[in-house]
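In: Got a predicted structure here, sequence first:
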Amino acid sequence: MFVKVEIKNLGYVTDSCEGVVEFTSDDGRAFIMNSFSSEVSYHINRFMAGDRNSMPTIYNLVEELANQVGVELEKVEIYERGNVLRANIYFIGRNKKFSLENYRASDAVALAAFYNMPIYIDDLLLA
């Protein structure tokens with residue numbers, strides 16, 4: 001089961017150039033995701049602040065492809081696979097619905113922040 005979460009805190013561990021994001025659910029449970037690029041954390045922060053002007057190439061590629069096939073991001077779901085966080089990215093459009101599976105969780109969070117779409121986390125990860 002997946003639970004909808006919001007980004008509560010976002011930061012960087014400067015010594016290791018590592019990004020950190022804290023998610024919270026409506027019932028107050030939390031999950032901290034770390035060990036991803038501080039550059040991705042920087043983009044998440046910009047997207048949450050409303051900056052849509054200088055999008056990195058990979059996110060621009062996703063946006064162009066989505067526009068070409070007439071779909072938009074619906075949501076992302078984050079889960080643990082082994083000891084690594086992964087994500088499924090869900091798209092929806094006119095008569096279309098599909099998902100891309102097993103992608104890096106940090107990139108999925110950045111996409112959700114860019115499009116202001118919901119983020120869901122596996123209930124088992126929340127404490």
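Out: That came through fine. Since the structure is predicted, the reported quantities are computational estimates derived from the model, not experimental observations.

In: Walking through the protein, point out its strands one by one.
Out: Counting by DSSP state E, the chain has strands at residues 2-13, 18-25, 30-37, 71-81, 84-93, 96-104, 119-122.

In: among those, which is nearest residue 57?
Out: Nearest to residue 57 among the strands of the chain is strand 30-37 (14.4 Å), distances taken as CB to CB. The C-beta positions use only the backbone N, C-alpha and C, and glycine is treated the same way.

In: strand partners of the closest one, parallel vs antiparallel please.
Out: As defined by DSSP bridges, the strand partners of strand 30-37 come to strand 18-25 (antiparallel).

In: List the buried residues in the lowest-mean-pLDDT helix or strand in the chain.
Out: Lowest by mean pLDDT, DSSP states H and E among the helices and strands of the chain is helix 57-69, with a mean of 85. In terms of neighbour count (16 or more other CB atoms under 10 Å), helix 57-69 has its buried residues at 59, 62-63, 66.

In: Distance from that helix to the middle of the chain?
Out: With CA atoms, centre = their mean, to the nearest Å as the basis, helix 57-69 stands 16 Å off its chain's centre.

In: Quick check: the most centrally placed residue in the chain vs residue 24, distance?
Out: The centre of the chain sits closest to residue 109, judged by CA atoms, centre = their mean, with a distance of 1.0 Å. Going from residue 109 to residue 24 by CB to CB, to the nearest Å gives 14 Å.

In: and if you look at residue 112?
Out: Following CB to CB, the distance that separates residue 112 from residue 24 is 15 Å.

In: what's the burial count for the closest residue in space to residue 101 that isn't next to it in sequence?
Out: Nearest in space to residue 101, with sequence neighbours left out and distances taken as CB to CB, 6 or more residues apart in numbering, is residue 88 at 4.8 Å. Look at residue 88: counted by other CB atoms under 10 Å, it has 18 neighbours.

In: Where does the prediction get shaky in the protein?
Out: For the chain, no stretch has pLDDT under 70.

In: What residue in it is the furthest from its centre?
Out: Among residues of the chain, the one most distant from the C-alpha centroid is residue 95; the distance is 24.5 Å, by CA atoms, centre = their mean.
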